[in-house]
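Visitor: predicted model and sequence follow; I will ask about them next.
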Amino acid sequence: MAIINDTTLRDGEQAPYVAFNTQEKVNIAKLLYEAGADELEVGIPAMGSKEQDDLREILALNLPIQIMSWNRATMKDLEASLETGIKAVDLSIPVSQTLIDVKFGGDKDRLFRNLEEVVGAAKKEGLFVCVGGEDSSRADNDFLKELMGYAQSLGADRFRYCDTIGILTPNQTYENISYLCQNNSLDIEMHTHNDFGMATANSIAGIEAGAISANTTVIGLGERAGNASFEQVLMSLKYQFKESREINAAKLHELVHSVALAANRPISASRPIVGANIFSHESGIHVNGMIKNPSSYEAFEPEGVGLQRFFPIGKHSGTSTLLYHLNESGIKPIAEKVQNILPVVREIVTNRKKVLDPQELKELYLCS
């Protein structure tokens, strides 16, 4: 199975205008585990003592999954992580020429020396080490192969392939990861951003190409347009990849709404997986099919994500919808009478921009 390494409490909190307090972090960490995350990345210890204390609070939960901190690949950052008692670290280092120029003055030898010192020190402490390749999607693939091989020789455990500015397409992602996987080097973790709306798709494409892990955030929270969505990747792995995953629908629902509240980010009613209206069927053709077989127009059941199915009475409703609601209200409707009130229903809805509720439909039917 692929590994979901969720970074809501690190990269998610880096979203503009978002800040979680300690209790929110602890609650989110617990819910992430209960909802199905395999690993958590929970903060940046180099930010200071408060961040370190928050990380210790999360570690004190003793969740039976790997907890990781994020660090620049510097001794100062590593030491800050070690002070918390963390046992896994991501050590981020620029790998595109653009960022090597910005952060290392173009000196690749300095980059390799830096990596040698910090990875070596982390492994001496017995840590799990993921080397984070910042801006991997703009890096030269042969340079990435060289760097991954070197990191592996130092004892690193994983390489994080970062589409830092979200420029990849799924096809490009698949080609790049396939090429890097041929190296028989470090396991690859996907870290994708959503600047062109492709973060989740690119994470999935990376897994299809051979990556073993994906970073996610709940509701796609993160810098700029956000990251790959936890709930979308989770459900994709279960239903599209047929992984044997137990998903606690109630905890997933609670998680999504807890993060949305803590981040002050409303959830769109049409948001994939968790939007309140994604199991609402108004089209007459769809409702007719759904009444006969619920799998007609749904990839998975609403109960699987803590939601419900609705047949709103709207402009595009057909007689199947009206008959359904009238039957539910205890009326045995006459088909011809229902057909006659259908244009009236559509006119009412169009004029007031609001669907009818079942009681209004019942009164309209009885008065017609």
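Guide: Received it, and whenever you're ready, just let me know what you need. What you see is a predicted model, and the numbers here were worked out from it, not measured in a lab.
Visitor: what about the helices in the stretch 1-150 of the chain?
Guide: 22-35, 49-59, 75-82, 97-104, 108-124, 141-153 (DSSP state H, counting those that start in this stretch).
Visitor: would you mind giving those as TSV with mean pLDDT and distance to H325 added?
Guide: Using the backbone N, CA and C atoms, a C-beta is placed for each residue, glycine as well. Compiled in TSV, these are given as follows (pLDDT from 0 to 100; distance: least, CB to CB, whole Å):
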stretch	mean pLDDT	distance to H325
helix 22-35	98	34
helix 49-59	98	48
helix 75-82	98	58
helix 97-104	94	58
helix 108-124	95	62
helix 141-153	97	58
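Visitor: those helices: which one's closest to G275?
Guide: Nearest to G275 among the helices of the stretch 1-150 of the chain is helix 22-35 (16.9 Å), distances taken as CB to CB.
Visitor: packing partners for the closest one?
Guide: Contact analysis of helix 22-35 by 3 or more CB pairs under 8 Å, 6 or more residues apart in numbering; DSSP states H and E lists strand 39-41, helix 49-59, helix 230-235, helix 249-263 as its packing neighbours.
Visitor: a markdown table for the ones you listed, including mean neighbour count and distance to G133?
Guide: As requested, the helices and strands packed on helix 22-35 are arranged in a markdown table below (neighbours: other CB atoms under 10 Å; distance: least, CB to CB, whole Å):
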| stretch | mean neighbour count | distance to G133 |
| --- | --- | --- |
| strand 39-41 | 25 | 15 |
| helix 49-59 | 18 | 23 |
| helix 230-235 | 26 | 20 |
| helix 249-263 | 19 | 27 |
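Visitor: show me where the stretch 251-368 of the chain has helices.
Guide: With DSSP H, counting those that start in this stretch as the definition, the stretch 251-368 of the chain shows helices at residue ranges 284-292, 319-328, 335-352, 358-367.
Visitor: got the buried residues for stretch 169-189?
Guide: For stretch 169-189, the neighbour count (16 or more other CB atoms under 10 Å) marks 170, 173-174, 176-177, 180-181, 183, 185-189 as buried.
Visitor: filter those down to the ones in strands?
Guide: With strands taken from DSSP state E, the overlap with these comprises D187, I188, E189.
Visitor: pipe those into JSON lines and attach pLDDT and distance to Q152 per row.
Guide: Output for these, formatted as JSON lines (pLDDT from 0 to 100; distance: CB to CB, whole Å):
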{"residue": "D187", "pLDDT": "98", "distance to Q152": "10"}
{"residue": "I188", "pLDDT": "98", "distance to Q152": "12"}
{"residue": "E189", "pLDDT": "98", "distance to Q152": "14"}
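Visitor: as JSON lines, those residues with distance to A228 would be great.
Guide: Shown next, in JSON lines, are these (distance: CB to CB, whole Å):
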{"residue": "D187", "distance to A228": "18"}
{"residue": "I188", "distance to A228": "14"}
{"residue": "E189", "distance to A228": "11"}
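Visitor: from the helices of the stretch 251-368 of the chain, which stretch is densest packed?
Guide: Using mean count of other CB atoms under 10 Å, the stretch among those with the largest mean neighbour count is helix 319-328, at a mean of 20.
Visitor: ok so, going back, so which of the helices of the stretch 251-368 of the chain gets nearest E134?
Guide: Smallest distance to E134 across the helices of the stretch 251-368 of the chain (CB to CB): 45.1 Å, for helix 284-292.
Visitor: what's the closest one packed up against?
Guide: Packed against helix 284-292, as judged by 3+ CB pairs under 8 Å, 6+ apart, are the following elements: helix 319-328.
Visitor: tell me what the helix it packs on is packed against?
Guide: When contacts are defined as 3+ CB pairs under 8 Å, 6+ apart, helix 319-328 sits against helix 284-292, helix 335-352, helix 358-367.
Visitor: and it, how far from the chain's centre?
Guide: 37 Å (CA atoms, centre = their mean, to the nearest Å).
Visitor: do the same with stretch 76-94
Guide: Averaging C-alpha positions (CA atoms, centre = their mean) puts stretch 76-94 24 Å from its chain's average.
Visitor: please apply the same query to stretch 170-184.
Guide: In terms of CA atoms, centre = their mean, the centre of stretch 170-184 is set 21 Å apart from its chain centre.
Visitor: pLDDT on it, on average?
Guide: The predicted model gives stretch 170-184 an average pLDDT of 95.
Visitor: what do you get for stretch 279-299?
Guide: Stretch 279-299 shows a mean pLDDT of 95.
Visitor: now the terminal residues of that stretch, how far apart.
Guide: As for stretch 279-299, its first-to-last residue distance stands at 10 Å under the measure CA to CA, to the nearest Å.
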